[in-house]
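[1] fold the stuff below for me.
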Amino acid sequence: MNEVTGIEYDDKKGYIYIKVNDKIEAKMTFVFAGDSKIIIDHTEVNPGNNGKGFGKKMVEKAVEFAREKGITILPLCPFAKSVFDKTPEFKDVL
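    Predicted coordinates for the structure are as follows:
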């Protein structure tokens, strides 16, 4: 199994994805709020992938992106918010 976590974005919005064998199996969308914040608004995992940790991996990628860019994250998506609530080491980007 070839699993890749990646990110695509422009100056307004973007998404984090997980590809398995070149097929997108999970996606987390976000929008930019000014120059210093992204808002995670939706997380979707394809059927059959529940319990594989894809959602948390995408949140981790968002945190990595925020730290690299020196920006903060507002998790409006209930799933992303729950991961942030359970993961104190991500609080620095909130």
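[2] switch to C-alpha atoms for all contacts and neighbour counts from now on
    Fine.
[3] now the helices for this protein?
    Counting by DSSP state H, the chain has helices at residues 54-69, 78-86.
[4] the last one vs helix 54-69, what angle?
    What that stands for is helix 78-86. If you take axes from the mean of the first three to the mean of the last three Cα atoms, to 10 degrees, helix 78-86 sits at 70 degrees to helix 54-69.
[5] can you give the contact residues for helix 78-86?
    By Cα atoms under 8 Å, 6 or more residues apart in numbering, the list of residues contacting helix 78-86 from outside reads I40, T43, G55, K56, V59, P75, F90, K91.
[6] same check, this time on stretch 5-16
    For stretch 5-16, contacts defined as Cα under 8 Å, 6+ apart pick out 17-19, 27-32, 57-58, 61-62.
[7] now render the helices of the chain as JSON lines, adding mean pLDDT and mean neighbour count.
    Listed next are those as JSON lines, based on pLDDT from 0 to 100; neighbours: other Cα atoms under 10 Å:
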{"stretch": "helix 54-69", "mean pLDDT": "98", "mean neighbour count": "18"}
{"stretch": "helix 78-86", "mean pLDDT": "98", "mean neighbour count": "16"}
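[8] nearest residue to F30 other than its sequence neighbours?
    Spatial nearest neighbour of F30, chain neighbours left out: I40 (4.2 Å); criterion: Cα to Cα, 6 or more residues apart in numbering.
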